[in-house]
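> Here is my input, please return the structure:
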Amino acid sequence: MKKYNVAILGATGAVGTRMIEQLEQSSIPVNQVKLLASKRSSGKVLQYNGKDIVVEETTPESFDDVDIVLASAGGAVSKKFLPEAVKRGAVAVDNTSAFRMDPEVPLVVPEVNEQAVYDHKGIIANPNCSTIQMVVALQPIKEAAGLKQVIVSTYQAGSGAGQTAIQELDDEAQQHLDGEKMTADIFPVKGEKHHYPLAFNLLPQIDVFEEDGSTHEEWKMVHETKKIMAGDMNSDAIKVNATCVRVPVVIGHGESVFFEVEDNSKLDTAKVQELIKNGDGLVLQDDPAQQLYPQPINAEGHTETFVGRVREDPENRGSYNMWVVADNLLKGAAANTVQIAEKLVEHDLVRVPEDYYGKE
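Residues are numbered from 1 along each chain as shown. Predicted structure coming up:
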């Protein structure tokens with residue numbers, strides 16, 4: 001059996017550390033693991049399968065003799081280093097936004113469009129965390145009755161902004177409880193002019209604003225969903241509208257999803273629940289009589305996507321509502337990335353084609 005040399009780029013971050021854990025639990029036969037990060041983090045010692053591994057500073061040469069790269073170190077870092085990795089013969093799965101909308105790069109959620117991995121040119125993109133859990137929940141419905149329209153409102157955890165954002169949320173909560181003024185340096189967006197506390201608050205801004213008044217997070221959910229489910233980021237086959245809100249939860253995104261199907265003759269509430277129950281990567285938690293429904297605190301640490309509150313819209317026949325929750329650092333990031341790598345191994349696609357990404 002072939003074994004693979006795997007590099008984790010951004011190994012010390014909130015997602016990177018979880019990539020290590022997911023790789024340990026994966027079906028990938030691993031020969032050697034290389035942990036890469038910035039110069040600031042180099043020298044730290046992390047563990048893989050109980051063995052100490054020293055984190056190395058990332059250079060182009062870091063990818064010599066590497067077969068698979070799992071990356072989550074920020075878009076600029078991925079743009080700089082992943083083409084170098086591919087030139088050296090590695091296949092990269094990237095968890096940043098750097099390549100998601102690139103027409104040459106597949107955007108993959110294995111439960112939805114696994115076949116897209118066959119079209120890779122050395123780089124495969126992992127979608128946005130909020131997009132992933134939604135399309136996993138919608139896929140069995142799309143297969144059964146088609147999808148005309150999706151309207152989603154998200155309730156996104158602070159950890160989606162990174163490890164330092166988790167600390168800021170914790171600090172703000174303690175400041176509030178101590179009767180002190182809460183100080184904010186990161187939320188809603190680190191690079192923006194104004195910052196607001198997230199603790200005991202809601203922030204209807206994730207990422208920067210676009211000219212039309214939507215945020216870039218909302219733009220991503222619209223166009224990523226179209227690319228994954230319809231094969232084209234600008235497809236008219238599915239209408240998608242998103243409102244994204246940051247909430248004072250540490251881990252676990254929640255989403256209120258309204259969807260309209262093409263053929264309602266094949267569905268009712270019970271059938272939608274059955275589709276979810278039997279769907280790949282899905283767990284149905286839907287018993288109003290027992291107050292059973294998905295909650296972020298219960299989804300944390302799990303790789304599945306949880307769905308509940310399924311009900312038909314009484315005002316719009318052929319439309320339904322559901323509540324979708326997942327661990328944004330696992331299914332929304334690390335676990336989905338490793339799943340993609342598992343599919344590459346399974347289908348013998350850990351090889352760079354002749355027309356690889358960025359070839360001049």
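
> Quick check: K277 touching L284?
Yes - K277 is within contact range of L284, at 4.2 Å (criterion: CB atoms under 8 Å). C-beta: built from backbone N, CA, C; applies to glycine.

> More neighbours: those two, which one.
Set side by side, K277 and L284 show unequal neighbour counts under other CB atoms under 10 Å, the larger going to L284 at 20 against 14.

> thought that one was touching Q273?
Yes - using CB under 8 Å, L284 makes contact with Q273 at a distance of 6.0 Å.

> okay, and the common contacts of the two?
Shared between the contact lists of L284 and Q273 (criterion: CB atoms under 8 Å, 6 or more residues apart in numbering) are residues V310.

> Please enumerate the strands of the stretch 51-200 of the chain.
Listed in chain order, the strands of the stretch 51-200 of the chain (DSSP state E, counting those that start in this stretch) span 51-54, 56-57, 68-71, 91-94, 123-125, 147-156.

> Tell me how far A299 lies from V272.
20 Å (CB to CB, to the nearest Å).

> Over to Y356?
Here the distance between Y356 and V272 works out to 42 Å (CB to CB).

> swap in P188?
34 Å.

> Check E354 too.
Applying CB to CB, the value for E354 to V272 is 45 Å.

> neighbour-wise, which of those two wins?
For the pair E354 and V272, the greater number of neighbours falls to V272 (25 against 6), based on other CB under 10 Å.

> On the three-state scheme, the more buried one is what?
Secondary structure assignment for V272 (DSSP: H, G, I helix; E, B strand; the rest coil): helix.

> Just give the closest residue to it, not the sequence neighbours.
On the basis of CB to CB, 6 or more residues apart in numbering, the spatially nearest residue to V272 that is not a chain neighbour turns out to be V310, at 5.2 Å.

> N328 too?
The shortest distance from N328 to any residue other than its chain neighbours is 4.2 Å, reached at C129 (CB to CB, 6+ apart).

> repeat for K44
V55 (4.5 Å).

> how close does the one you found get to V338?
Looking at V55 against V338, where the rule is CB to CB, the gap reads 19 Å.

> the more surrounded of the two?
V338 (29 against 20).

> Contact partners for the more buried one?
The contact partners of V338, by CB under 8 Å, 6+ apart, come to M19, Q22, L23, S26, I28, L70.

> to the chain's geometric centre, what's the distance from stretch 289-308?
Taking CA atoms, centre = their mean, to the nearest Å, the mean C-alpha location of stretch 289-308 is offset from the chain mean by 17 Å.

> If you could redo that for stretch 43-62, that was the one I meant.
Mean-position distance between stretch 43-62 and its chain equals 24 Å (CA atoms, centre = their mean).

> In it, which of the residues would be classed as buried?
By neighbour count, with 16 or more other CB atoms under 10 Å as the criterion, the buried positions of stretch 43-62 are L46, Y48, I53, V55, E56, T58, S62.

> Same question for stretch 348-360.
L349, V350, V352, Y356, Y357.

> out of those, which are inside strands?
With strands identified by DSSP state E, none of the entries of the buried residues of stretch 348-360 belong to them.

> which among these gets closest to D236?
Comparing these against D236 with CB to CB picks out Y357 as the nearest, at 28.0 Å.

> How about the contacts made by the closest one?
When the contact criterion is CB under 8 Å, 6+ apart, the partners of Y357 are P83, V86, E104, V105, K121, G122, I123.

> Any quick PyMOL command for the buried ones out of these?
Typed into PyMOL, the line below selects the buried ones among the contacts of Y357, using 16+ other CB under 10 Å:
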select buried, resi 83+86+105+121+122+123
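
> ok, the contacts of Y357 vs R317, which is closest?
Proximity of these to R317 (CB to CB) peaks at V105, which lies at 39.0 Å.

> so N321, which of the three states?
For N321, the secondary-structure state derived from three-state DSSP is strand.
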